[in-house]
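Novice: Below: sequence and its predicted model.
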Amino acid sequence: MRILVVDDEPELLEQIGRALIEQQYNVDMVADGEQALDRLFGDPYDLILLDIMLPVMDGFAVLQEMRTENISTPVLMLTARGEIKDRVKGLDLGADDYLAKPFSMAELMARVRALLRRSSENGSSLLQIKDVRLNTTTREVTVNNQPVVLTPKEFSILEFLLYNKNRAVSRFNIAEHVWGDEFDPFTMSNNIDVHMKNLRRKIEDTKGILIKTVRGVGYMIEDET
């Protein structure tokens, strides 16, 4: 699951991002509304945590632009404003939930899980190829009905490949999706190779190769059924 966090308070932004990463979510963080829209128009997200009081473009404007462009990603508004009129305005513009500051990380995580669960009910949360199953809601992976423990990066790589089943994805796209702004282009290839090797070892068996290397392009999971 990929989550975009938008807040101009550096300490809070870092705190939220760290909490989400610990729960094995793939997280991108930006500090103003314009950057948020740039990300939203460029990448798909499963959830957006959006502050209202933002520089350049406030959260209401970001939300309105999103919905105008038919971006239906669930939005949890985060704000120090507690007035009823602000809550009503956010909900009227298309927000899915509202959490006033200050809040506990436990409550925020509960709201995140609830929104992702609600969103998954509108579509399947289960991604499957052969005997490998990945549940995007519970973050569980099984092979031949046996649980497999993946690192957060391995999980994100497998999830991305399954979402793009039957389509070759480049190393750059994998790195951009899994590492976000943190990846180093000089070490990217080696990092992906290491994680891919470990992932293959955990999910592939004697029945054959699941993740195929596409020479000159990247990797692909192919559904042969």
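Specialist: Yep, it's here.
Novice: and Pro10, how many residues sit next to it?
Specialist: 10 (other Cβ atoms under 10 Å). The way it works is simple: take the backbone N, C-alpha and C, and place the C-beta from them, glycine included.
Novice: Is it correct that it is in contact with Gly17?
Specialist: No: Pro10 lies out of contact with Gly17 (Cβ atoms under 8 Å); the separation is 10.5 Å.
Novice: Who are the contact partners of Val6?
Specialist: Going by Cβ atoms under 8 Å, 6 or more residues apart in numbering, Val6 touches 29-33, 35-36, 48-51, 54, 59, 62.
Novice: hmm, try it at 6 Å
Specialist: Taking Cβ atoms under 6 Å, 6 or more residues apart in numbering as the contact definition, Val6 lies against 30, 36, 50-51.
Novice: how much space between it and Leu40?
Specialist: 9 Å (Cβ to Cβ, to the nearest Å).
Novice: Least confident secondary structure element in this protein?
Specialist: In the chain, the helix or strand scored least confidently by mean pLDDT, DSSP states H and E is helix 171-179, which has a mean of 79.
Novice: Can I get it in CSV? Just the C-alpha atoms.
Specialist: Coordinates of the C-alpha atoms in helix 171-179 are reproduced here as CSV (Å, rounded to 0.1, in the frame of the first residue of the first chain):
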residue,chain,number,x,y,z
ARG,A,171,14.4,-1.1,-12.6
PHE,A,172,13.8,2.6,-12.4
ASN,A,173,10.1,2.2,-11.9
ILE,A,174,10.6,-0.4,-9.2
ALA,A,175,13.1,1.8,-7.4
GLU,A,176,10.9,4.9,-7.7
HIS,A,177,7.9,3.0,-6.4
VAL,A,178,9.7,1.2,-3.5
TRP,A,179,12.3,3.7,-2.5
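Novice: Could you pull out the buried residues of it?
Specialist: Within helix 171-179, the residues that count as buried by 16 or more other Cβ atoms under 10 Å are 171, 174-179.
Novice: can you pull out the helices in the chain?
Specialist: For the chain, the helices defined by DSSP state H cover 10-22, 33-42, 59-68, 84-93, 105-120, 152-163, 171-179, 188-203.
Novice: Grab the nearest non-local neighbour of Leu93.
Specialist: Leu63 (4.8 Å; Cβ to Cβ, 6 or more residues apart in numbering).
Novice: how close does that neighbour sit to Leu76?
Specialist: Taken as Cβ to Cβ, the span from Leu63 to Leu76 is 11 Å.
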